[in-house]
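> Give me a model of this one.
(4 chains)
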Number of protein chains: 2
Amino acid sequence: MSKTALQTFEPRKTPVQARSAASVQAILQATVQVLLQEGKVKLTTTRVAQRAGVSVGTLYQYFPNKSALLQALLKAHLDGVADAMEKACAAAHGASLATMAELLTSAFVDAKFHDIEASVALYAVSDDVEGQRIARQMRVRASKAMTALFKSAYTGGIAEPTRVAETLLSAMAGVSRGMLESGVKPGTMAAMRRELTVLARSYLCASAE
Amino acid sequence: MSKTALQTFEPRKTPVQARSAASVQAILQATVQVLLQEGKVKLTTTRVAQRAGVSVGTLYQYFPNKSALLQALLKAHLDGVADAMEKACAAAHGASLATMAELLTSAFVDAKFHDIEASVALYAVSDDVEGQRIARQMRVRASKAMTALFKSAYTGGIAEPTRVAETLLSAMAGVSRGMLESGVKPGTMAAMRRELTVLARSYLCASAE
DNA sequence: TATTTAGATGAAGAAAGCTTCAGGTTTGGA
DNA sequence: TCCAAACCTGAAGCTTTCTTCATCTAAATA
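You can find the predicted model right below:
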């Protein structure tokens, strides 16, 4: 086994006492804060530790390296989104396309805007090579579930369910991103939700044979 | 004036001989290549210069710093997209919503996929703080033009042209990104073009009063 | 209470990158 | 041909960051 190629990203130690669990939480939150306020280029392990109120050594006790810290954060976030989408697909099984559109957009928006700060901050992380891999996994999970859902459609089936699923998912992701990156205002958010529903519904219905 | 705050991003020197113009071109292309093959974290000025076949010193003769190099690349790319969108809006003025949908998606896809390598590579750049600023400027230009276009719609006007413009633009961006980041295959591209047109047309028509 | 285990600390080693600049080469005009 | 301007070079200074580890403190356990 090559020495350099093998790089573990597993946590070095799992917290067993309450004290250390708090440290880990503080570190994760601090990472989001630093990402938002300083940007990814200025994110250093020392700075994160400082803001979390712990020492660098503590950080390295739970995360083997800086990259693992960022990946853990991104994975947790995207897993949440994928979970939400799968749940929504299960709930919408057999419904009409219009209902599917509503449930899917609701689930996506809720999941993505649940922790707005993290969502915004993590865009900076998702473009690293490893970040892209994680994002892709999430897309695969979601679009698989959506494809299966479309096949179960109550009225007029969709000719190319996979393609439609991927397109719709990307579109929702794009619209959310556009909004998150240009600053979310409470009022605008409700409007976006509506637009996204309109978009999803009209696209799905247009895709039905 | 603060010493640190003032940072110029203007080129240090403008090429006047053919030799230097070639160097600049080589550097820009090399940047894309390094970005694609090594990723942004491993992109160093030395590596870029090496791949371009020049020395670091030469690089710094035309770009005041690493950030300026990346920004120049991103700006050129996004300016191209914004130009294309404005042109398409001018061409579609007064047409039907369906025609608008087709012209807008065509323009966007053509511009974005004109230089696929650069498009893919530059996603990694667009998430830096300065990159986001540049991306925002492009979005503003495009959505302004689109808003004006929608107001000129031949049949049934759109109630909230600005919101619809921003939503559609983000959706197109999202779908393109999804495709570019998961690897473009020639066949799939034509399909995506169709899906995007369907999406745009159905969304625009659904948004008409 | 004594002992062991978990957790925390932060100075410092090591590595890497950005940027400069003094000096060399090429080009184009006079 | 000769000179000035444009262009190129790359070793090295300076800074920054990651990561380790010997040492200390707190908690749990017997």
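> secondary structure element for residue A:153?
Using DSSP states H and E, residue A:153 sits within no helix or strand.
> which residues touch the residue nearest the centre of chain A?
A centroid search over chain A (C-alpha atoms, centre = their mean) returns residue A:78, at 2.9 Å, as the residue closest to the centre. Residues in contact with residue A:78 (C-beta atoms under 8 Å, 6 or more residues apart in numbering or on different chains) are A:134-135, A:137-138. To be clear about C-beta, it is placed using only N, CA and C from the backbone, and glycine gets the same treatment.
> now, which of the residues you listed lie within helices?
A:134-135, A:137-138 (DSSP state H).
> Okay, strands next: where are they in chain A?
Using DSSP state E, no strands are found in chain A.
> tell me which parts of it are close to DNA strand C?
Residues of chain A lying near DNA strand C by C-beta under 7 Å from any atom of the strand: A:13, A:15-17, A:19-20, A:22-23, A:53-58, A:60-61.
> Hmm, residue A:126 is touching residue A:132, no?
Yes: counting by C-beta atoms under 8 Å, residue A:126 touches residue A:132, with 6.8 Å between them.
> for the residues of chain A next to DNA strand C, which one is nearest residue B:183?
Distances from residue B:183 to these, taken as C-beta to C-beta, are shortest for residue A:60 (35.4 Å).
> Does that closest one touch residue A:54 like I think?
No: with contact defined as C-beta under 8 Å, residue A:60 does not reach residue A:54; the gap is 10.5 Å.
> With neighbour numbers in mind, choose between these two.
Per other C-beta atoms under 10 Å in any protein chain shown, whichever of residue A:60 and residue A:54 has more neighbours is residue A:54, with 20 against 17.
> got a list of what the more buried one touches?
Residue A:54 neighbours (C-beta under 8 Å, 6+ apart): A:23, A:26-27.
> Who has more neighbours out of residue A:126 and residue A:132?
When neighbours are counted by other C-beta under 10 Å, residue A:126 comes out ahead of the other of residue A:126 and residue A:132, with 21 against 16.
> Please tell me how far the more buried one sits from residue A:134.
The gap separating residue A:126 from residue A:134 is 7 Å, by C-beta to C-beta, to the nearest Å.
> Give the intersection of the neighbour lists for these two.
Joint contacts of residue A:126 and residue A:134 (C-beta under 8 Å, 6+ apart) are residue A:74.
> Get me the contact residues on chain A for DNA strand D.
A:17-19, A:42-46, A:56-57, A:60, A:64-67.
> hmm, 6 Å instead?
For chain A, the residues in contact with DNA strand D (C-beta under 6 Å from any atom of the strand) are A:17, A:19, A:42, A:44-46, A:56-57, A:60, A:65-66.
> Thanks a lot, catch you later.
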